[in-house]
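Enquirer: Here is a sequence together with a model predicted from it:
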Amino acid sequence: MAQPTYPAHALVVRKTKLGETDLIVTLLADDGRLLRAVAKGARKPTSTFSSRIELFSVVDALLVEGRNLDILKEARLVDANLGIRESMERAAAASPILELAGIIAQPELVHPKLFSCTVAGLKAACDADPAQTLSLSAACLLKVFSFAGFRPSFNECVKCGSKIDLSGGRSSVVSFSVLDGGCVCDDCSRLSEVVHLPAETIQWANYLLMSTFADIAQHPCERRVAFDVMQLCQSWSREHVGTRLKSLDFLFTCGLF
Ligand SMILES: [Zn+2]
């Protein structure tokens, strides 16, 4: 009896070699679920498949249910996000978006906002000046953390709810507890394990979390600040998602920016 097939509108988030000529393709479906499927023969030089299942591509796929892994039978390219793939800077800055989506998404967990936010973040990065992609990527990471239930608190104390003053200049610092979930006021900081971050970093992180990608593309933060926000995202991922993002470590050391 033929195995059942099913369609999926999905983003390619990861590819892993399998055997001599096959690939395991990890997809983020538009309902937010994670799909893994074998693309048979995709690494053969003659394969026409491989160009349609590049990282960052959005595809209309047809999959066949398998006993262990499903089979990717067809893939029609909907959007290659070429602007990212053709620029090393954009690809390096946008890779953490793919990596986080691939970690947060689960096979049985329906989460449409995860797909829409991830794809919108990539689209914005695709069209932006390469230097702006750092801000857009940091914004996308913060938004995805929030949708996944790990929203950082940037303007209220996570312990007592009092307002945090972020209006200070470059020299002013804010107490921040990754473990507790965000900023901590002076009184509560005595009882918490905190790090002291520039108020400017928290201000920008809050702006990136709360603003649309279109606004951020118009008003990106400085590269130095974007890196500080991304360092915060790395600590956040380690504590709340349970893993370091390898693509962020690469970004910090690659020297492209
Ligand atoms: Zn407090």
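Expert: Received it, and whenever you're ready, just let me know what you need.

Enquirer: Isn't residue 168 up against residue 201?
Expert: No: using C-beta atoms under 8 Å, residue 168 is not in contact with residue 201, being 11.7 Å away. For the C-beta atoms, the positions are set from N, CA and C on the backbone; glycine is no exception.

Enquirer: And those two? Which one has more around it.
Expert: Counted by other C-beta atoms under 10 Å, residue 168 and residue 201 do not tie: residue 201 has more neighbours, with 23 against 13.

Enquirer: list the contacts for that one?
Expert: Applying C-beta atoms under 8 Å, 6 or more residues apart in numbering, one finds that residue 201 lies in contact with 225, 228-229, 232.

Enquirer: Which parts of the stretch 101-250 of the chain are strands?
Expert: Assigned by DSSP state E, counting those that start in this stretch, the stretch 101-250 of the chain shows strands spanning 173-177, 182-184, 195-198.

Enquirer: Quick one: those strands as a markdown table, columns for distance to the ion and mean pLDDT too.
Expert: Formatted as a markdown table, the strands of the stretch 101-250 of the chain follow (distance: least, C-beta to the ion, whole Å; pLDDT from 0 to 100):
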| stretch | distance to the ion | mean pLDDT |
| --- | --- | --- |
| strand 173-177 | 9 | 96 |
| strand 182-184 | 6 | 97 |
| strand 195-198 | 15 | 95 |
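
Enquirer: and among the ones you listed, the most buried is which?
Expert: strand 182-184 (a mean of 26; mean count of other C-beta atoms under 10 Å).

Enquirer: elements contacting it?
Expert: strand 173-177 (3 or more C-beta pairs under 8 Å, 6 or more residues apart in numbering; DSSP states H and E).

Enquirer: Could you list the residues in contact with the lengthiest strand in the chain?
Expert: Ranked by residue count under DSSP state E, the longest strand found in the chain is strand 5-18. Here strand 5-18 makes contact (C-beta under 8 Å, 6+ apart) with 23-30, 35, 38, 43, 53-65, 73, 78, 98-99, 101-102, 105, 115, 118-119, 122.

Enquirer: what mean pLDDT does that strand have?
Expert: Strand 5-18 shows an average pLDDT of 97 in the prediction.

Enquirer: That one: what's the following helix or strand?
Expert: Moving toward the C-terminus from strand 5-18, the next helix or strand (DSSP states H and E) is strand 22-29.

Enquirer: Can you show me the CA trace of that following strand as PDB?
Expert: Taking Å, rounded to 0.1, in the frame of the first residue of the first chain, the C-alpha atoms of strand 22-29 are listed here in PDB:
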ATOM      1  CA  ASP A  22      21.300  11.900   0.500                       C
ATOM      2  CA  LEU A  23      20.400  14.800   2.800                       C
ATOM      3  CA  ILE A  24      18.300  15.100   5.900                       C
ATOM      4  CA  VAL A  25      16.400  18.400   5.500                       C
ATOM      5  CA  THR A  26      15.000  20.100   8.600                       C
ATOM      6  CA  LEU A  27      12.000  22.300   7.800                       C
ATOM      7  CA  LEU A  28      10.000  24.800   9.800                       C
ATOM      8  CA  ALA A  29       6.500  24.400   8.500                       C
END
